[in-house]
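Chemist: please work out how this folds:
(chains A and B)
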Amino acid sequence: MELFRIKKDIPFMSYGRLTTSISLITFVLAIFFLFHRGLNYGVDFTGGTVMEVHYPAAANIEQIRQVMDAVGLKDVTVQNFGSSQDVLIRLPVKKELSIAQLSEKISTALKGADAGAEIRRVESVGSQVGEELYENGALALLLVCAGIMGYLALRFEWRFAVAAIIANMHDVIIILGFFAFFQWEFNLTVLAAILAVLGYSVNESVVVFDRVRENFKKMRKASAVQVIDNAITRTMSRTIITHIMTQTMVCSMLFFGGETLHNFSLALTIGILFGIYSSVLVACPIAMWLGVNRANLIGDSEKKPKEDEAALAP
Amino acid sequence: MNRYPLWKFVLIGTVIVIGLLYTIPNFFGESPAVQISPAKTSLKLDEGLLRKVEDTLKLADIPFDGVFMDASGVKVRFANTDTQLLAKDKLVANLGKDYTVALNLVPQTPNWLQSIGAKPMYLGLDLRGGVHFLLQVDMKAALDKAAESTMGDFRMALRKEKVNYFGIERQGQVVVVKFESEAEATKARNLLAKDYSDLTYKITGSDKDFNLTASMSVMAQKRIQEFALKQNLQTLHNRINELGVAEPIVQQQGMDRIVVQLPGVQDTAKAKEILGRTATLEIRMVDEEKSDMATLQKAQSGQVPFGDEMFTDREGRPVLVKKNVVLTGDRITDAGPGVNGQNGASVVNVTLDGRGAGIFKNVTRENVGKRMAILLIEKGSTEVITAPVINEEIGGGRVQISGMANAQEATDISLLLRAGALAAPMEIIEERTVGPSMGEENIKRGVHSTLWGFAAIAVMMIVYYMVFGGVSVMALGVNLLLLVAILSMLQATLTLPGLAAIALALGMAIDANVLINERIREELRNGNTPQASIHAGYDRAFDTILDSNVTTLIAGLALFMFGTGPIKGFAVVHVLGIMTSMFSAVLVSRALVNLLYGYRRKIEHLRIG
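Modeler: This is a model prediction of the structure:
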């Protein structure tokens, strides 16, 4: 079976203006929602307590709320989690109570109200830990970008590095935009997913760039546009098949991984979906506008004789 | 051109066999066990203990499947949980409080596999259930305390050498001594600088009012903080031993934090109580001269006499105690509950170490008839447990503390004393608890999502690339095998995000195979011969695979460096997965293709879909 038998090169670069403006719009929208709604940070970042409680029968949410009120805990959110028997309780950081006291207080209250309540998971994070995560997360993001750019600049050329990183950030911002728009919980695992997407998405760009470089060597007479179009067309099949495979795996996580992996695989899904075109339709036009050509890609060894020729010509 | 030399096949074969050997232990499951470890550092883990355990069980007629010793203690395997519980009770009764006896699960890996070090993957708390705490050590308190003790030392040293000073006080972490003349201040500085050389001294002031300030150097501060952290770690170790948890983890994290992980612990309240008793113990003298009613009343309204501190005892009565600390809890080597022979009241019997005994002897000799206060300091609030009158000089380092309300309290306080004192108070700043059923469910979910994803990919690859798809799937299988083997070998902690990373690694690893297969197709399309296409396909794809994997590796390493807990687990698997995928996609699949096609004279066409 072969799905992609493309005879002629598809003129991707001539759509460059269109494709980049589409991504520009999504990008701006994502940024708008990020600022307008903000991210719904989980306890990992904000600090606070999350408790997952399992009941032998369907849980009475209203009663749980009353119990919380009775012990004097305010700003408590109680909601079903996965099934009617599972309940998720959330509490912000309380200044007057320590973390240990807080979770203790809730569990005794819950068990007092219903002996069958089984506390399956408790996560309590102090606010200082959250702040650090914030910094570390931002630092990791920065370091990854710097590392990737450095490597690409070394192996290819700075123009490619810049193009790839812009395409990459585009994916990251769009994932964040989705999380802001739908107010999905942004926790540590989501951050891990985003960093994994960074690695994955740059993978994409590298495969195309690699082919561009190779084409510049082979297609001596072609223009940069032709070279890039050919590279994208030739790697199309691989791009799509790989994406389908990775997406299959991520979907498997989304469906079978349970609640804990839900947001993680959601972030990956969005990243992969947008990664499929950003690496091709954002990175390549940018690289082209930055002026990628044969001379600055193939390096000194082949560039020199050409310069000599040019000098001799007139 | 598509033939591998024999050594390459042998190499690949060996790697796969080793991978298999180290993956197998994950399939054997675990059996109930009892773990016996020494509760004190002075007790050694040796063959004697092994024999003692064996004899105890034989004598009690309890059947066991095996007994062995490792770094954490002696472990005995049982057929079921009933005999396990029976054996635990018997062992606790026989071995006494010198040893910690804990319920545990040990892998049922056959001996021959264990002898080559093959163990199942080490599961994180989110997969096996348990509690995770992150504790923050209050370093300011540690420094304050150090300054406080420096002040005491200064006072003693200056008095001994008869240097005249008219005041000494602590301002934050700086000790200030006041003098009437500069000469006297200089004398003091020279004297003190000799004995306390890690302090920085400065003399300021004029005209009958000279101050000698002594502040800690940065180095000294760092040393004190490191010491405080180390002592707190040790104390936590001791306290956790009392809980009888199998394989607890107590680790330093950063400059001022400690991670505690207690696998399989259900009673989190008890665990927290033991850990959360961020208490230090101090013995100080009651200021008898100022204990008249009038001064006490004044003190209660805030006018505490100089050099004293006011605390309340258990009945709420005020007690004026000198600031100078006689002894701290770290001089205590043992403590146990007991009963006073004369009045039947609950008491705590305390044994002090050599230096502690010496100090105690001197203090009690000099202060017969006076009261001595035993203070319990918990999170900034101090309570006087008891303030007994010293009847006679107490030598030999054996002390009886009375004033306990009941036997339970005596037990609690002796546990606290035995576990040693914390150098600085600590606070739990993060707590994560995962129930055991949740852990099992997490494993099931993680494994299911990996297997279903793998199956789906396998089907699609074979449909799309035929024989080459099959080769890719086998390479992917080897990748999974090697990844699990390396994780088992390294005994890296596998968490749920780690399981997710395995799944993701498989999804991403297939990219290398797709690249190769597409390249081969392309070469064929360009009219190359099948053999040349295979060769060129693998060759050309390699550069791309390398480039794309190195960039992914960069992301993984950054995750590893900045991630904590589950994120780190994810990063480890992610990075390892990239490396194994390079091996399997490039070498293993090539070897398979070579075996299939490389040794045939003539190939009409490749079955690549």
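
Chemist: point me to the residue of the stretch 101-250 of chain B nearest chain A.
Modeler: residue B:134 (6.7 Å; Cβ to the nearest Cβ). C-beta: built from backbone N, CA, C; applies to glycine.

Chemist: and that residue, helix, strand or coil?
Modeler: strand (DSSP: H, G, I helix; E, B strand; the rest coil).

Chemist: wait, it sits on residue B:427?
Modeler: No: with contact defined as Cβ atoms under 8 Å, residue B:134 does not reach residue B:427; the gap is 9.8 Å.

Chemist: between these two, which one's more packed in?
Modeler: residue B:134 (24 against 16; other Cβ atoms under 10 Å in any protein chain shown).

Chemist: now whatever residue of the stretch 51-200 of chain A ends up closest to chain B: which helix or strand?
Modeler: Closest to chain B within the stretch 51-200 of chain A is residue A:199: 3.2 Å, counting by Cβ to the nearest Cβ. Assigned by DSSP states H and E, residue A:199 belongs to helix A:188-218.

Chemist: now that helix, how far from the centre of its chain.
Modeler: On the basis of Cα atoms, centre = their mean, to the nearest Å, helix A:188-218 sits 13 Å off its chain's mean C-alpha point.

Chemist: for that helix, which positions count as buried?
Modeler: Neighbour counts over helix A:188-218 (16 or more other Cβ atoms under 10 Å in any protein chain shown) mark A:188-216 as buried.

Chemist: that's a strand at residue B:201, yeah?
Modeler: Yes: if the criterion is three-state DSSP, then residue B:201 is within a strand.

Chemist: setting the sequence-adjacent residues aside, check what's closest to it.
Modeler: residue B:189 (4.9 Å; Cβ to Cβ, 6 or more residues apart in numbering or on different chains).

Chemist: now stretch B:200-218: how far from the chain's centre is it?
Modeler: The answer for stretch B:200-218 is 42 Å, by Cα atoms, centre = their mean.

Chemist: in it, what's buried?
Modeler: Buried residues in stretch B:200-218 (16+ other Cβ under 10 Å): B:201, B:210, B:212-216.

Chemist: quick one: residues in contact with that stretch.
Modeler: B:143, B:146-147, B:150, B:154, B:173-182, B:184-186, B:188-189, B:192-193, B:196, B:198-199, B:224 (Cβ atoms under 8 Å, 6 or more residues apart in numbering or on different chains).

Chemist: next: stretch A:116-131.
Modeler: Contacts of stretch A:116-131 (Cβ under 8 Å, 6+ apart): A:41, A:43-57, A:86, A:93, A:99-100, A:102-103, A:107, A:110-111, B:134, B:136, B:268, B:429-435, B:437-438.

Chemist: quick one, which of the residues you listed are buried?
Modeler: Using 16+ other Cβ under 10 Å, the buried ones in the contacts of stretch A:116-131 are A:41, A:43-55, A:86, A:93, A:99-100, A:102-103, A:107, A:110, B:134, B:136, B:268, B:429-435, B:438.

Chemist: just the ones of these in helices?
Modeler: Among the buried ones among the contacts of stretch A:116-131, DSSP state H puts A:43-46, A:99-100, A:102-103, A:107, A:110, B:268, B:438 in helices.

Chemist: closest to residue A:153 among those residues?
Modeler: Of all these, residue A:153 sits closest to residue A:45, with 32.3 Å by Cβ to Cβ.

Chemist: need the contact list for the most centrally placed residue in chain A.
Modeler: Nearest to the mean C-alpha position of chain A, by Cα atoms, centre = their mean, lies residue A:194 at 3.2 Å. By Cβ under 8 Å, 6+ apart, the contact set of residue A:194 is A:141, A:172, A:175-176, A:267, A:271.

Chemist: among those, which are located in helices?
Modeler: A:141, A:172, A:175-176, A:267, A:271.

Chemist: so what's the residue of the stretch 51-200 of chain A closest to chain B up against?
Modeler: A:144, A:148, B:551-556, B:574.

Chemist: tell me where the stretch 201-314 of chain A has helices.
Modeler: A:224-256, A:262-277, A:283-289, A:294-298, A:300-312 (DSSP state H, counting those that start in this stretch).

Chemist: circling back: report the buried members of the contacts of stretch B:200-218.
Modeler: B:143, B:146-147, B:150, B:154, B:173-177, B:179, B:184-185, B:188-189, B:192, B:196, B:199, B:224.

Chemist: need the pLDDT of the nearest residue to residue B:337 once chain neighbours are set aside.
Modeler: Nearest residue to residue B:337, sequence neighbours excluded (Cβ to Cβ, 6+ apart): residue B:410, at 3.8 Å. Reported pLDDT at residue B:410 in the predicted model: 79.

Chemist: and the spatially closest residue to residue B:392 that is not a sequence neighbour, helix, strand or coil?
Modeler: Leaving out its chain neighbours, the residue that sits closest to residue B:392 by Cβ to Cβ, 6+ apart is residue B:368, at 6.3 Å. Following three-state DSSP, the label given to residue B:368 is coil.
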